[in-house]
Structures are given as C-alpha cells and as structure tokens.
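Participant: build me a model:
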Amino acid sequence: MIGYGDTFMFADENDPKGHLRIIITKPNEQGEVVTVPVTTRRKYSDAIVPLEANDHPRITHSSVVEFAYAKVMTILEIEALIKSYDAKRKEPMDEKVLDRCRKGAVESDNTPNGVRSFVKSLLEPARES
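Facilitator: Here you go, the predicted model:
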C-alpha cells in the first residue's frame with residue numbers, strides 16, 4: 001500500500017517522461033493526501049523548497065517543489081495509476097524534506113487554495129468547541 005512519504009513518477013501532457021511526485025500528508029478519513037511534483041530549478045522557479053541530488057535517488061540536479069501543480073488525490077487513485085503502469089512507485093522521501101514541503105505548501109503563493117487549506121487543516125491542532 002502506498003502512503004505518506006512515498007514517491008512516484010507520473011507522466012503528464014507536458015512531460016511524457018514524468019515528474020517525481022511526493023505524498024506530503026498522511027491520508028485523511030476519506031483517504032485523501034496532498035501530492036507535489038519535483039521539477040528542475042529554473043531562473044523563475046518557486047524556490048521555497050529547493051532540493052538537491054542527495055535529497056532523493058531520483059533527483060540528480062538542483063530541483064524545486066512546484067507548488068502550482070500540487071493536488072489532492074486519493075490513495076486509491078494513486079494505487080490505480082501504479083497498477084495500470086501510468087505511474088511508477090519510487091523510494092520514500094526523508095521526513096525532513098516532507099516537513100519542508102508541508103510548510104512550503106502553506107507559504108507558497110502558487111499553491112492552489114484548496115490544497116493550502118487541506119494542508120493547513122492537518123497542521124493546525126484540533127480545536128475544542
């Protein structure tokens with residue numbers, strides 16, 4: 001079963017080779033998680049969470065988490081992509097990087113509002129009514 005901290009390669013219309021995606025949250029009651037893609041660092045990249053080659057075996061050069069393409073997915077969706085060979089599971093990500101990714105998802109101006117709210121709700125302690 002795939003879950004928190006796992007990574008997978010997933011192709012899209014812009015890059016048939018795919019990008020590494022990281023599951024940065026634990027699943028909620030509905031099995032939903034936030035995934036974020038890693039991409040090559042460019043001059044105008046959102047550099048809130050920079051990554052280097054030693055951060056993960058699939059990262060071979062200066063990269064960043066691209067929060068503009070962060071999304072909420074279900075574990076079942078991700079497992080179906082892997083089972084159909086549309087995605088390929090990779091090595092898990094280190095906890096320190098996961099923590100930076102969650103904080104970056106909240107801080108980045110590029111994170112979609114629904115994703116930001118999802119992450120914030122998981123980071124904030126439950127309030128008593």
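Participant: and the biggest helix by length in the chain, how far out from the chain's middle?
Facilitator: The single longest helix within the chain, with elements called by DSSP state H, is helix 95-107. Distance of helix 95-107 from its chain centroid, counting by Cα atoms, centre = their mean, to the nearest Å, is 9 Å.
Participant: which is the next helix or strand following that helix?
Facilitator: The C-terminal neighbour of helix 95-107 among helices and strands, as given by DSSP states H and E, is helix 113-123.
Participant: and the angle for that following helix with helix 95-107?
Facilitator: Helix 113-123 runs at 130 degrees relative to helix 95-107, counting by axes from the mean of the first three to the mean of the last three Cα atoms, to 10 degrees.
Participant: give me the beta-bridge partners of the residue nearest to the spatial centre of the chain?
Facilitator: The residue lying closest to the centre of the chain (Cα atoms, centre = their mean) is Val36, at 2.4 Å. Counting by DSSP bridges, Val36 is bridged to Ile22.
Participant: same check on the one 4 residues further on?
Facilitator: With beta bridges defined as DSSP bridges, Thr40 has these partners: Ser63.
Participant: which ones are touching it?
Facilitator: For Thr40, the contact set (Cβ atoms under 8 Å, 6 or more residues apart in numbering) comprises 61-64. Placement of C-beta: from N, CA and C, glycine included.
Participant: got CSV for those residues, with neighbour count, pLDDT and distance to Lys120 too?
Facilitator: Below are the contacts of Thr40 laid out as CSV (neighbours: other Cβ atoms under 10 Å; pLDDT from 0 to 100; distance: Cβ to Cβ, whole Å):
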residue, neighbour count, pLDDT, distance to Lys120
His61, 9, 90, 31
Ser62, 14, 91, 28
Ser63, 24, 93, 25
Val64, 19, 95, 21
